[in-house]
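>>> give me a model of this one.
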Amino acid sequence: MKSGYAQLLALLPVRHPMVLVDRVTDFDRGRTIGTTKAVTGSEPCFQGMAEDLPAERYAYPRSMILESFGQSAALLWLGSHGPDAEGDSLPMVGRLRNCAFTGSAFPGDVIRHRVRVERLVEGNAFMTGESLVGDQVLLTVGSLIAVARPVGVVTGGAAAYAAAPFVTPPPGCGPHPPGIPSPGRRPGAPGAW
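Numbering: from 1, shown residues only. Now for the predicted structure:
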């Protein structure tokens, strides 16, 4: 995989200001990726903050570190010719488990993500990894499960949502009070369980 920014944009389904990977530093197709994200004081998350805040208030949000890690995982999967070679589906994080933050990143820091594939199974990717600033690990991800979903369902709005299949809820998950959808039931979908 080429490390240029244009290559990142060609693979990632997001655009500025949500592109949170700046460079691919190493890539082993289907196995590992190393990426970087430079944290700057001009990030949208720091706009409008008072100038006299304590230094710890300028910590880069953990949700953004997780998003950057997830984009790195997407680059590994997509750069390894998945979730599908035709581009008919989008990768999404389905679940994060055993995540631990042990540090913070601040403006001026460069976050380095290391993501490893544990296994690839038809439209699903299982990954692990960590994020570092310098030699300090600031995030460990024990398990990231990524799933692929059809582009039309993800981006198609209400019509695609209404047409998408849904799962019958397990026993004991319904009925629910009016106005609160049951698991697996789309709001406004005809029929009740």
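
>>> give me the most central residue, this protein.
Gly70 (3.4 Å; Cα atoms, centre = their mean).

>>> what about that one, is that helix, strand or coil?
Classification of Gly70 using DSSP: H, G, I helix; E, B strand; the rest coil returns helix.

>>> in space, what's closest to Thr40 - neighbours in sequence excluded?
Pro107 (5.7 Å; Cβ to Cβ, 6 or more residues apart in numbering). (Each C-beta comes from the backbone N, C-alpha and C, glycine too.)

>>> also Arg23?
Thr36 (4.9 Å).

>>> and that neighbour, bridged to which residues?
Arg23, Arg112 (DSSP bridges).

>>> give the next helix or strand downstream of the longest strand seen in the chain.
Counting residues, the longest strand in the chain under DSSP state E turns out to be strand 136-150. Per DSSP states H and E, the first helix or strand lying C-terminal to strand 136-150 is helix 151-155.

>>> quick one on the thing from earlier: surely the residue nearest to the centre of the chain and Val93 touch.
Yes - Gly70 is within contact range of Val93, at 4.9 Å (criterion: Cβ atoms under 8 Å).

>>> show me the common contact partners of the two, please.
Residues within reach of Gly70 and of Val93 at once, by Cβ atoms under 8 Å, 6 or more residues apart in numbering, are 144, 146.

>>> low pLDDT regions in this structure?
Filtered on pLDDT under 70, the chain yields the residue ranges 2, 82-87, 156-193.

>>> residues in contact with the residue nearest to Thr40?
Contacts of Pro107 (Cβ under 8 Å, 6+ apart): 39-41, 43, 46, 58, 60.

>>> helix, strand or coil for Met49?
Under three-state DSSP, Met49 comes out as coil.

>>> hang on, it packs against Arg57?
Yes - look at Met49 against Arg57 with Cβ under 8 Å: they come within range, at 7.1 Å.

>>> packing partners of the one helix or strand Gly34 maps to?
For Gly34, the element it lies in under DSSP H and E is strand 32-38. Of the remaining helices and strands, those touching strand 32-38 by 3 or more Cβ pairs under 8 Å, 6 or more residues apart in numbering; DSSP states H and E are strand 23-28, helix 62-79, strand 110-121.

>>> the inter-axis angle of it versus helix 62-79?
140 degrees (axes from the mean of the first three to the mean of the last three Cα atoms, to 10 degrees).
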